[in-house]
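In: Give me a 3D structure for the following:
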Amino acid sequence: MAFTTAACSSSSTSDQSTSTDGPQGGTSPVAAAKAQLDKYSGLAQDVRLPGDPIAGLPGKLKGKTIYYIPIFYQAPLFHSEFSIIKSALAKLGATAQVCPGNANPADITACFKQAVGGSAAGIITDSIPPDLVPQAFKAAAQAKVPVVAMNTNKPLDPQFADNARAFNINQVLQAQLTANQVIVDSGGTAKVVVMGISDSHTSKIITEKGILAAFAKCPKCSVHDMSLNSNQMGTIPTLVSTALVQHPDTDYLFLQYDNMVQSAIQGLATQGKSKTVKVVSTNADLGALKRVANGSQFADSGNDITYEAYGSLDALFRMITGSPDVTEKTAALMPIRTFNAANVKGLELTEAALQSGSWYSSGSFRDEFLKLWGVGSKG
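Out: The predicted model follows:
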C-alpha cells in the first residue's frame, strides 16, 4: 500500500511516505476483505445477555436523574441516543438530563459539576475520552457519582475503577468494515483520501487501527491520510477541495464520521468530482443510510445505538447497586453492521427504525435488559 500522511492546517503541510506488505498466507486482499464483510452484512443473531438480574432496581431509581453528556450534541446521532436513554429510564421511574459537551473541556467539566451538584444518580458520557477531563472524572468519583464512559476505547485510570466503566462500541471494527467495502469495490486498487479527526485520542485510534490498518493489507491501494483537527470541521469543503487538487486521481473519500459527510460533498461538487469520487464513512446515522440509498454515498458501517444505550445503562445500574461488573462482556455482544446499496434496500429509513434497532437485529435484547432490571417488558 502506498501511504502518505498530510496534516491539514492553514499554516503548514507535512508529507511523509511509508509502505507496508499485504496479507500473509496467500489470501488476496479482496478475498480477505470480502470474508469480513460477509460476517457483518446481515442482521445479528439474538444474544444471551451476561449478568444476573439487579434486585430492587426500580425502587432505587424512582425519582432519580441520570445525566447524559455527549461530546458534540449537534450531531444527530447523539439526539437519537438521548431519546433512547430517556425512554428506557422512564420505564424505571427515572429521568434523563442532557448537557452538551460542545467538544470543549470547559463545557464538559461544567456539565460534570452540574450533575454532581444536582445529586445525579449517575452520568453517561458519550465519545468523551476520560483523559480529556480527568479532574471532572475524579470529582465524580470523589462524590461517588458513578460514570459510564460510552464509546471510549482507552482504559480508564485505575483510580476511577470503583466508580466508572468504559463501554467500548468497537468503532475500530466499524472503520475496518468501511475500508473493506472500498477494497472490495475497487478490486484492491483504491485511491483513497482519508479525513479523520487528529486531536482526539479515540478518533486517532480509530483512524490508525481501523481505517489505515485495513488499507495496510491492500498493497495496490493508495491512501493519503489528510486528517484534521476538530476546530477545522467548518472548513471541510475547502479541505476536500484542496485534497482533490493535490491528489486528482482520488476515487474514494473516507470521512471518519457521518457528520462530516455533507460538508465533504460540497467540496466534491466544487471540484466537479461528485460522480467520480465515492464517499464512505462510519456511524450509520439516518442521514447516512438515506445517502447510501439515493446513491450520494457509497457505504457506511455502524453499531446499534439502542443496544449501546441499554448496555451503558446496565453498566451504570450495576455500579449504583454494587452488582458484579459485566460491562466488557455486554459491550462485546454489540450488534455491528456494514451497509451499501444492496442491504440498505428494504430497510425502513426512519428515526423510529433507527431507535428500534431494526437495522441490526430483532431487538429482542431490549426485553432481556428490562427483565434484568426488574421491569418486565412494559412498553
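
In: Could you give the average pLDDT over stretch 61-81?
Out: What stretch 61-81 shows for mean pLDDT is 95.

In: Which strands and helices lie in contact with the helix or strand encompassing Ala32?
Out: Counting by DSSP states H and E, the element that carries Ala32 is helix 29-39. Applying 3 or more CB pairs under 8 Å, 6 or more residues apart in numbering; DSSP states H and E, we find helix 29-39 packed against helix 171-186. C-beta: built from backbone N, CA, C; applies to glycine.

In: that older thread, I'd like the next helix or strand past the helix holding Ala32.
Out: Downstream of helix 29-39 (by DSSP H and E), the next one is helix 57-61.

In: close enough to count as contact, Tyr307 and Gly357?
Out: Yes. Tyr307 is within contact range of Gly357, at 6.3 Å (criterion: CB atoms under 8 Å).

In: of those two, who's got more company?
Out: Neighbours per residue (other CB atoms under 10 Å) separate Tyr307 from Gly357, with Tyr307 holding more: 27 against 24.

In: those strands in the protein, which residues are they?
Out: Under the criterion DSSP state E, the chain contains strands at 2-6, 15-19, 65-70, 95-98, 122-126, 147-150, 164-167, 191-195, 222-225, 252-255, 278-280, 300-303, 336-339.

In: Any idea which of those gets closest to Ala110?
Out: strand 65-70 (9.9 Å; CB to CB).

In: Dump that closest one to CSV, restricted to CA.
Out: Output in CSV follows, covering the C-alpha atoms of strand 65-70 (Å, rounded to 0.1, in the frame of the first residue of the first chain):
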residue,chain,number,x,y,z
THR,A,65,-31.9,11.8,37.4
ILE,A,66,-29.2,10.4,35.1
TYR,A,67,-27.1,12.9,33.2
TYR,A,68,-26.1,12.3,29.5
ILE,A,69,-23.1,14.3,28.4
PRO,A,70,-22.3,13.9,24.7
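
In: what's the overlap in contacts for Tyr307 and Gly357?
Out: Pro335, Phe365 (CB atoms under 8 Å, 6 or more residues apart in numbering).

In: circling back to that earlier point, would you reformat the strands of the chain as TSV and include distance to Leu177 and mean neighbour count?
Out: Converted to TSV, these look like this (distance: least, CB to CB, whole Å; neighbours: other CB atoms under 10 Å):
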stretch	distance to Leu177	mean neighbour count
strand 2-6	20	17
strand 15-19	24	9
strand 65-70	23	24
strand 95-98	29	17
strand 122-126	21	27
strand 147-150	20	28
strand 164-167	20	24
strand 191-195	15	25
strand 222-225	16	21
strand 252-255	12	27
strand 278-280	10	25
strand 300-303	4	27
strand 336-339	4	23
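
In: Output those strands as TSV; include the columns distance to Asn231.
Out: Converted to TSV, these look like this (distance: least, CB to CB, whole Å):
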stretch	distance to Asn231
strand 2-6	17
strand 15-19	22
strand 65-70	18
strand 95-98	23
strand 122-126	20
strand 147-150	23
strand 164-167	26
strand 191-195	14
strand 222-225	18
strand 252-255	17
strand 278-280	23
strand 300-303	25
strand 336-339	30
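
In: tell me, which of these is the model least confident about?
Out: Minimum mean pLDDT among those: strand 15-19, a mean of 29.

In: count of residues packed around Gln74?
Out: With other CB under 10 Å as criterion, Gln74 counts 12.

In: With adjacent residues omitted, what lies nearest to Ile84?
Out: Ala309 (4.2 Å; CB to CB, 6 or more residues apart in numbering).
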